[in-house]
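S.K.: Quick one, fold the following:
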Amino acid sequence: MSENPFEAIRKACDSFGKCFQTHLSRILPARCEDHLDKPSSVAGNSKTSSFSFFTASNPKVVNDAALLTPDVVAHLPYTNIALEKKITAAPLTKEELGRATWTLLHTVAAQFPDIPTRQQKRDVKELMAILSRIYPCKECADHFKEVLKSNPVQAGSQAELSQWICHVHNIVNRSLGKQIFPCQRVNARWGKLDCLDRSCDLQGSTNLNFPV
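M.R.: As a prediction, this is how the structure comes out:
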């Protein structure tokens, strides 16, 4: 009995598919053959969509779309527009802005020269005055302005400025009901930047005495 013509067509299609896959694997990089953006279902919950990512260059498996944080996606070799839409940027909170600002101020103090020039002293005082005027939180800016009135900037040296900023930081922390930082440890917490050949030092730094 002759072979069913439909069966012959099916076998021909299967043979063509295998041949195509073999040639494709020789053309594309190995990691393109990995499973990317492959929808599946989470065990025990067939209604929840998930995605698996695994490549030779990035052996990371994500089985739940909820775990696709910006950090995870940033390290994936390929991303999908649909997945990227799940991760949206959001404005900073007031707390995040505050932490970033204090990090900047403590770092400025850590890099401040031991014997600053008159211009550097003026610059620090002007920086604090500007922050009290244009800080992107009116309530915070007004409070900082009051703090500056009661605690004028002390910038006679690196140590003096670091201790002053720590003291002011603690005033703000106290007003927010936060813990007080021990200022004797300020350089351990916010020390000088680790830059080759002191390339991060402020311009104008010098070991010579300047009139003040």
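
S.K.: Just the buried positions in stretch 138-150, please.
M.R.: With burial defined by 16 or more other C-beta atoms under 10 Å, the residues of stretch 138-150 counted as buried are 140, 143-144, 147-148. To be clear about C-beta, it is placed using only N, CA and C from the backbone, and glycine gets the same treatment.

S.K.: typed the wrong thing, it's stretch 149-160
M.R.: 153-155, 158, 160.

S.K.: Now do the end-to-end distance for that stretch.
M.R.: End-to-end distance of stretch 149-160 (C-alpha to C-alpha, to the nearest Å): 18 Å.

S.K.: which residue ranges form the strands in the protein?
M.R.: 38-42, 45-52 (DSSP state E).

S.K.: Now do the same for the spatially closest residue to Gln154 that is not a sequence neighbour: its pLDDT.
M.R.: Leaving aside its chain neighbours, Gln154 sits nearest to Trp164 (4.0 Å; criterion: C-beta to C-beta, 6 or more residues apart in numbering). pLDDT, Trp164: 98.

S.K.: tell me the contacts of Trp164?
M.R.: 109, 151, 153-155 (C-beta atoms under 8 Å, 6 or more residues apart in numbering).

S.K.: how many other residues sit next to Leu196?
M.R.: Using other C-beta atoms under 10 Å, Leu196 has 6 other residues around it.

S.K.: Reformat the buried residues of stretch 149-160 as TSV; add distance to Lys192 and pLDDT.
M.R.: Formatted as TSV, those follow (distance: C-beta to C-beta, whole Å; pLDDT from 0 to 100):
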residue	distance to Lys192	pLDDT
Val153	20	97
Gln154	19	97
Ala155	16	97
Gln158	9	96
Glu160	16	97
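
S.K.: That concludes my questions; thank you for your assistance.
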